[in-house]
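*Asks:* With the input below, show me the fold.
(3 chains)
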Amino acid sequence: MDENISFFERVYQVVRQVPYGRVTSYGAIASYLGAARSARMVGWAMNASHGHDDVPAHRVVNRQGLLTGKHHFGGTNLMQQLLENEGIKVKENKIVDFKKHFWNPAEALQR
DNA sequence: TCAGTGACTGACC
DNA sequence: GGGTCAGCCACTG
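*Replies:* A predicted model of the protein is given here:
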């Protein structure tokens, strides 16, 4: 089954299922994958997501709703623009009402 | 082979 | 309440 794929590919599948106008955090994905303490791995997986156009990495932010990965989007406000394009308010590289837009894969995907 | 790094998180002081 | 430290796993040099 999917156990044949790499850890980061599992991350892609979760991020790929993030609905429009929603965002999630590294810890939420990591927790869903059973590696809540390996949130770094999720971030690292995102680093490799550049070769995966189907992975909306801009919908993945840290626990604070901060666009920590923005710098990896070319060092521009592209990540912010993408989020605002989905109706998500972003200020100072941080998502406004983050918990309101937060999407929990553990609940949405039902484990 | 060993050591360092990383788009994070939680706990401790 | 705010800052610091350690842990986690995989990849690169």
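*Asks:* which other residues reach stretch A:92-100?
*Replies:* Here stretch A:92-100 makes contact (C-beta atoms under 8 Å, 6 or more residues apart in numbering) with A:23, A:61, A:64-67, A:70, A:80, A:83, A:88-90, A:101. Placement of C-beta: from N, CA and C, glycine included.
*Asks:* what's near enough to touch residue A:7?
*Replies:* Contacts of residue A:7 by C-beta under 8 Å, 6+ apart are A:33, A:35, A:41, A:45.
*Asks:* List the residues that contact residue A:39.
*Replies:* The neighbourhood of residue A:39, defined by C-beta under 8 Å, 6+ apart, consists of A:26, A:27, A:29, A:30.
*Asks:* By neighbour count, which of the contacts of residue A:7 wins?
*Replies:* Neighbour counts for the contacts of residue A:7 (other C-beta atoms under 10 Å) peak at residue A:45, which has 27 neighbours.
*Asks:* Pretty sure it sits against residue A:11.
*Replies:* Yes. Contact criterion C-beta atoms under 8 Å: residue A:45 and residue A:11 qualify, at 4.1 Å.
*Asks:* if we look at the helix or strand hosting residue A:24, which residues are touching it?
*Replies:* Counting by DSSP states H and E, the element that carries residue A:24 is strand A:24-25. Residues outside strand A:24-25 that contact it (C-beta under 8 Å, 6+ apart): A:14-15, A:18, A:59-63, A:65, A:102-105.
*Asks:* can you put those in JSON lines and add secondary structure and pLDDT?
*Replies:* Below are these laid out as JSON lines (DSSP: H, G, I helix; E, B strand; the rest coil; pLDDT from 0 to 100):
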{"residue": "A:14", "secondary structure": "helix", "pLDDT": "93"}
{"residue": "A:15", "secondary structure": "helix", "pLDDT": "93"}
{"residue": "A:18", "secondary structure": "coil", "pLDDT": "95"}
{"residue": "A:59", "secondary structure": "helix", "pLDDT": "95"}
{"residue": "A:60", "secondary structure": "strand", "pLDDT": "95"}
{"residue": "A:61", "secondary structure": "strand", "pLDDT": "94"}
{"residue": "A:62", "secondary structure": "coil", "pLDDT": "93"}
{"residue": "A:63", "secondary structure": "coil", "pLDDT": "92"}
{"residue": "A:65", "secondary structure": "coil", "pLDDT": "92"}
{"residue": "A:102", "secondary structure": "strand", "pLDDT": "94"}
{"residue": "A:103", "secondary structure": "coil", "pLDDT": "94"}
{"residue": "A:104", "secondary structure": "coil", "pLDDT": "93"}
{"residue": "A:105", "secondary structure": "helix", "pLDDT": "93"}
